[in-house]
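Asks: Sharing a model prediction with you, sequence too.
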Amino acid sequence: MSDTLGSSNTGQAGSATRAPIIEARDIVKRFGGAVAVDDVSIAVEPGEIHGLVGENGAGKSTLMRVLAGVLAPNEGSVWVDGQQLDPGNTREALDAGVSLVHQELSLVPEMTVAENILLGSTPTRAGFIDRRHQRRVAAEALEEIGVTVDLDEPISRLSVALRQFVEIARAIARKPRVLILDEPTATLTPAETEYLLDMLKRLASRGLAIVYISHRIPEIFAICGRVTVLRDGSLVTSEGIGDLTPQSVVEHMVGRDLQLDLESRRLNPDIGDPVLSARGVKAPGVNDIDLDVRAGEIVGLGGLVGAGRTELVRAMIGADPRSGGQTTITLGGTSRRITGYRAAIAAGIAYIPEERRSDGLALTMTVVDNIALPNRSALSRSFVLQRRRIAEFATSLAKAVNLRPPEIEREVGQYSGGNQQKVVLAKWLGRKPDVIVLDEPTRGVDVGAKVEIHRLIRELADEGAAVLVVSSDLPELLELSDTIHVVRDGRIVGVLPGAEADETAVMALASGQQEVDVA
Amino acid sequence: MTPETSSPINTLPPAAQIEQELEQKAFKLSEWMAQQGIFLFTAVLVLFALVFIDGFASLPNLTDVFNRAAPIGIVAAGMTFVVISGNYLDLSVVAQVATAAVVLIAVTNAVGLVPAILLAILIALVYGIVNGIAVGVFKANAVIVTLSTTFIGLGLLRWLTGGSIYFGDSDGPIRTFGTTRIGPLPLAMILFIVVTLLLSLVLTRTNFGFMVRAYGSNREATRLAGVNTPLVVIGAFTMSALGAMLGGFVLAAFSNTAVSAMSTGYDFRALAAIIVGGTSVFGGRGSVMRTLLGVVFVSVLTNIMVLSGLGFGFQQMAIGLLIVLAVSVDALARKTRVS
C-alpha cells in the first residue's frame, strides 16, 4: 500500500500541501456482486471543507461510512494522521477523531438534549451518571456551534431543525478532528441552512477538517474549498472550487449536459370554485386557520420547519384531531363536512405524508400491495381480493408514475427514495382524488424523480384537482404554486400570488420580518 | 437532439437502479434463514428421522404425530393472524382452549351439543372483541392485555368449575369425533388441515387478510390509507379466538374429558410453531402455511425426542432453545434489511 503515498500530494488547491488529516486510499466496497465504491481515494486537510457530490446511489454515503469505520472496505485503507485505521472499527475511528453526522437522525426521542449529546460516552462517577459533567460538556458543544436550546428538553419536543443541530453538537462533543456531514440541510429551511453553513466555516477556520455531502450545489460553492464528484461509485474528479462552475459540477455528476426544464410554472391555470375549505381550524401548533383551495389550483404552504404547516394540513383533513374549527369539501355544489380522517378519504381527499418510510408505505410489502391498500373498495365488491384486477391496476399506475424498474411484485423497501415516493403517489392517483394534500413531496428524492413528481402534481391540477403542497424547498414551492400561503407560528401570515412571489418575499414573511394582511 | 417532449429523465444514468441492485444482490444469510430456512430444516429433520429413528417411519406413527398436533396446530393457525398484525401473540389462548373444552363437554352433558357449540362461539367472540378493543382501540400492549385476559378467563373457569374434571358421554358425538378415521386418516387431523387451508385463504385472498398484513407491516401507513385499523385488530384477535375454540374442541374430543388445567403451555407452543415457521414477530411477514410447517417441525422434533427416550424436561428445553434461535434469526434478518 505504501506505493500510493504520493497520491496525497496531487491536489493543487492549497499548494502548501499541508499533510492531510484523513486519507482514504484506493477504497473498493462491494455489496454482493455490485460495486458501490470503485477504487476511490480522497484526502482532507485540517481546516478544509471538502465537498462530496453525486447523484443518489453514487456511493457518497458508502464512502463516508468506510471513512468513519462503520463499514469495512473490500480493498484499500483509511489513514488518520499517518496511522492506518483498523477497517470497519467504528470505535477506533471515533477515538482517532472521525465523527460522522448521519443522514438519518439517530437521537433518542425520549431523552433530553444533554443526554443525547453524550449518548455513548456518558460520564460517570462511582458508577452513577455524572449529571453535572454531562450538562457541562453538552453546553460546551452547543456553545461551540452557537445554538441555544434547553439542555433538559426531550428531543421529541424539538423541531426537526433543532434535532439536526443537536446531532451536530453530539459529533462536536467528541472533539473530532474530522467531521463528516451527510446531507445535513435536507430538512432545513434556507435561513437555517445559512446558519449551518456559517457555523461550518467557523469550525473549519479553527482547523477542523470537514467532509460535506450535499445535493445542493449552491451550498457546495458557498463553503467548500475542494470538491470531489462521484458517479456510479467511481471518482470523476476532485478539484479546487476555483476550477469548477455549478454547471460543470452538475455535468460531472450526471455525465452529460443537463438541460432539465425545471422552470415550468403553469401559465394559465384553469381555476374554479373552492373545493377544500378550512374555517377556524385549531390544533396543537395550529391557531385558528382559514384556508381555501380551489379546483385546479395548486396552493403552496411555505414557512420555516416547525411553523406548523404539517400540523395544519393534518388537522384540516382529520389525520390528527382538531380542537376547533371545521373543514368542508365542496364538489358539484354540495358541501360535506370532514368529521374524521376516514370521512376525508371517502370524500375524495388523498394525503401524501411527510415521512414516507414511517407513514406512507408498508415497506415489507410489494408495490402492488401498497398501491392496492387505499383502493381495495374500488377494486373488489366482495370481501375476496380480486388479484388480477389489482395487478393490472397497479401495473398501469406504476407506468403512469414511471416507476423504474416497474416490478410491481418487488418489495417497496428495496426501491430508492425517489421510486418509493412515486409508489406513494401511485397509491392515491388510482383514486382520482378531487383533493390532494402533499407534505414535502420531493424530500430526499433525486433530481430526475423530482421533475417527474412535479409533472404528476401539475397534471392533477390540470385535471381539476385541488392541490395543497407543503414544501421547505423554496424553488419547488415557487415553481409549483399558483398561490402561496406563508405559515408562521401556526398562523397564515401572508398570501402571495404565485406569479408575484419570490424567495425574498416568502422568507420575509416566514421569518417574521414582514407581515401582510391576509386578504 | 430530438425535438419531442419526451422526458429528459429517461436518459439519466440509472443511479437509483444501481442502488436497488445492491439491495437485491447482497446475499444475506440471516434473511435467507428467516425466509427459507424452515423448508430446509424440516426436510433435513424428517429425512434424519426416517433414516435414524426406529419407529418413526411407520404410517401409524406418522398419522399419530399429525393427529396429536391438530389442537396446537389449529390454535397456532388462528394466532398467526395476531402475530402478523404486529401484536406479538395472544397469550389468552390458554384460557380460551380450556374454556372451549369445558364448555363443549359440560354443556353438551347438561343441555346438548348444539347449545354447547353456540355458547363456545359466543365466548370466542367475546375474547376476540375484548382483546381486540383493548389492543386496537385503546392501543394497550398485546402481551399485557392477553396475559390479563388469561387470568380473567382461567380464574372465571376455575371458579365456576371448582377445578373439577368433566367426562363426556362414552358413546356421544364428542367421543365419536375424537376416534373416527376416514381411511387411515383421523378426523381431527383432517379438520386441522382444512382449517389451516381455510385460514390461509382468508389471510392471503381476502380484504380482511390483506389489511391484517398491511397493518402488521406499517400501521400508520395503513391508517392513513383510510383503513379502519381498530377493526382490523379486533378481527385478528377474533381469528385467534376462533382457532383456540376449535383447538379446545379437538383437545376435549381426544380424551373425552375437559379440565381447566388441560391447556397449560398452549400459548408458548403455538408461538413456537408460528415463529419457527418463519413468521416475523415484528409483523407484516409470514403465512398460515408457514405455521403449518412450524407445527410439523416442532411435532417431528418432539416425536424424535420421545422415540429416543428423552423426557419431557429435555423436550421443553429444546423447544425453548428453538424459539430463542428463531427469534434471533428473525431479528438479525430485520436488522440487515433495515440497514
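Replies: Looks like it came in fine. As the structure is a prediction and not an experimental result, all values here were calculated from the model.
Asks: Next secondary structure element downstream of the worst-scoring helix or strand of chain B on mean pLDDT?
Replies: Scoring the helices and strands of chain B by mean pLDDT, DSSP states H and E places helix B:15-25 at the bottom, with a mean of 43. For helix B:15-25, the following helix or strand on the C-terminal side (DSSP states H and E) is helix B:29-52.
Asks: I'd like the next helix or strand past that next one.
Replies: Next along the chain from helix B:29-52, counting by DSSP H and E, comes helix B:59-84.
Asks: what packs against that next one?
Replies: helix B:93-110, strand B:185-186, helix B:187-205, helix B:207-217, helix B:229-255, helix B:266-276, helix B:288-307 (3 or more Cβ pairs under 8 Å, 6 or more residues apart in numbering or on different chains; DSSP states H and E). The C-beta positions use only the backbone N, C-alpha and C, and glycine is treated the same way.
Asks: change it to 6 Å
Replies: When contacts are defined as 3 or more Cβ pairs under 6 Å, 6 or more residues apart in numbering or on different chains; DSSP states H and E, helix B:59-84 packs onto helix B:187-205, helix B:207-217, helix B:229-255, helix B:266-276, helix B:288-307.
Asks: Which residues are in contact with the residue in the stretch 201-350 of chain A that chain B sits nearest to?
Replies: Residue nearest to chain B within the stretch 201-350 of chain A (Cβ to the nearest Cβ): residue A:345, separated by 3.4 Å. Going by Cβ atoms under 6 Å, 6 or more residues apart in numbering or on different chains, residue A:345 touches residue B:226.
Asks: Could you check the helix or strand hosting it and say which residues are buried?
Replies: Using DSSP H and E, residue A:345 sits in helix A:341-346. By 16 or more other Cβ atoms under 10 Å in any protein chain shown, the buried positions in helix A:341-346 come out as A:341, A:342, A:343, A:344, A:345.
Asks: With stretch A:384-401 instead?
Replies: So for stretch A:384-401, counting by 16+ other Cβ under 10 Å, buried means A:385, A:386, A:390, A:393, A:394, A:395, A:397, A:398, A:401.
Asks: Check stretch A:270-281 too.
Replies: For stretch A:270-281, by 16+ other Cβ under 10 Å, it's A:271, A:274, A:275, A:276, A:277, A:278, A:281.
Asks: Equivalent analysis for stretch A:330-341, please.
Replies: In stretch A:330-341, counting by 16+ other Cβ under 10 Å, buried: A:330, A:331, A:338, A:341.
Asks: Now residue 125: closest residue in space, sequence neighbours ignored.
Replies: You didn't say which chain, so I picked chain A. The shortest distance from residue A:125 to any non-neighbouring residue, by Cβ to Cβ, 6 or more residues apart in numbering or on different chains, is to residue A:133 (7.5 Å).
Asks: ah, no, chain B please
Replies: Excluding the flanking residues, the one nearest residue B:125 by Cβ to Cβ, 6+ apart is residue B:238, at 6.5 Å.
Asks: For the one you found, give its distance to residue B:258.
Replies: As judged by Cβ to Cβ, to the nearest Å, residue B:238 and residue B:258 stand 23 Å apart.
Asks: Counting neighbours, go ahead and name the busier of those two.
Replies: Between residue B:238 and residue B:258, residue B:258 has the larger neighbour count (other Cβ atoms under 10 Å in any protein chain shown), namely 31 against 21.
Asks: Name all residues that make contact with the more buried one.
Replies: Taking Cβ under 6 Å, 6+ apart as the test, what residue B:258 contacts is B:101, B:102, B:105, B:166, B:252.
Asks: one more time with 10 Å, if that's ok
Replies: By Cβ atoms under 10 Å, 6 or more residues apart in numbering or on different chains, the residues touching residue B:258 are B:97-106, B:108, B:157, B:161, B:164-168, B:174, B:248-249, B:251-252.
Asks: Now that we have these, which of them are buried?
Replies: Buried among those (16+ other Cβ under 10 Å): B:97-106, B:108, B:157, B:161, B:166, B:168, B:174, B:248-249, B:251-252.
Asks: quick one: furthest residue from the center of chain A?
Replies: The centre of chain A is farthest from one residue, residue A:126, which by Cα atoms, centre = their mean lies 42.3 Å away.
Asks: Local confidence estimate at residue A:104?
Replies: We have a pLDDT of 61 for residue A:104.
Asks: What of the one 3 residues further on?
Replies: Confidence per residue is given as pLDDT, and for residue A:107 that number is 82.
Asks: Kindly report the same for residue A:490.
Replies: 89.
Asks: Verify the contact between it and residue A:301 for me.
Replies: No - using Cβ atoms under 10 Å as the test, residue A:490 is too far from residue A:301 to be in contact (11.9 Å).
Asks: Can you tell me the SS state at residue A:41?
Replies: strand (DSSP: H, G, I helix; E, B strand; the rest coil).
Asks: remind me which residues of the stretch 251-400 of chain A are low pLDDT?
Replies: Along the stretch 251-400 of chain A, segments meeting pLDDT under 70 span A:254-265.
Asks: any idea how far stretch A:312-327 is from the chain center?
Replies: The chain centroid and the centroid of stretch A:312-327 are separated by 25 Å under Cα atoms, centre = their mean, to the nearest Å.
Asks: just to revisit the earlier point, kindly reformat the helices and strands packed on helix B:59-84 as CSV containing mean pLDDT.
Replies: Putting the helices and strands packed on helix B:59-84 into CSV (pLDDT from 0 to 100) gives the following:
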stretch, mean pLDDT
helix B:187-205, 95
helix B:207-217, 93
helix B:229-255, 97
helix B:266-276, 93
helix B:288-307, 93
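Asks: Tell me which of those lies nearest to residue A:446.
Replies: Evaluated over these, closeness to residue A:446 peaks at helix B:207-217, with 25.2 Å, by Cβ to Cβ.
Asks: how about the CA coordinates for the closest one, as PDB?
Replies: Output of helix B:207-217 as PDB, limited to C-alpha atoms (Å, rounded to 0.1, in the frame of the first residue of the first chain):
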ATOM      1  CA  ASN B 207     -59.600  -8.000   2.000                       C
ATOM      2  CA  PHE B 208     -59.500  -8.600   5.700                       C
ATOM      3  CA  GLY B 209     -56.400 -10.800   5.500                       C
ATOM      4  CA  PHE B 210     -54.700  -8.100   3.300                       C
ATOM      5  CA  MET B 211     -55.500  -5.400   5.800                       C
ATOM      6  CA  VAL B 212     -54.000  -7.600   8.600                       C
ATOM      7  CA  ARG B 213     -50.800  -8.000   6.700                       C
ATOM      8  CA  ALA B 214     -50.700  -4.300   5.800                       C
ATOM      9  CA  TYR B 215     -51.400  -3.200   9.400                       C
ATOM     10  CA  GLY B 216     -48.600  -5.500  10.600                       C
ATOM     11  CA  SER B 217     -46.200  -4.000   8.000                       C
END
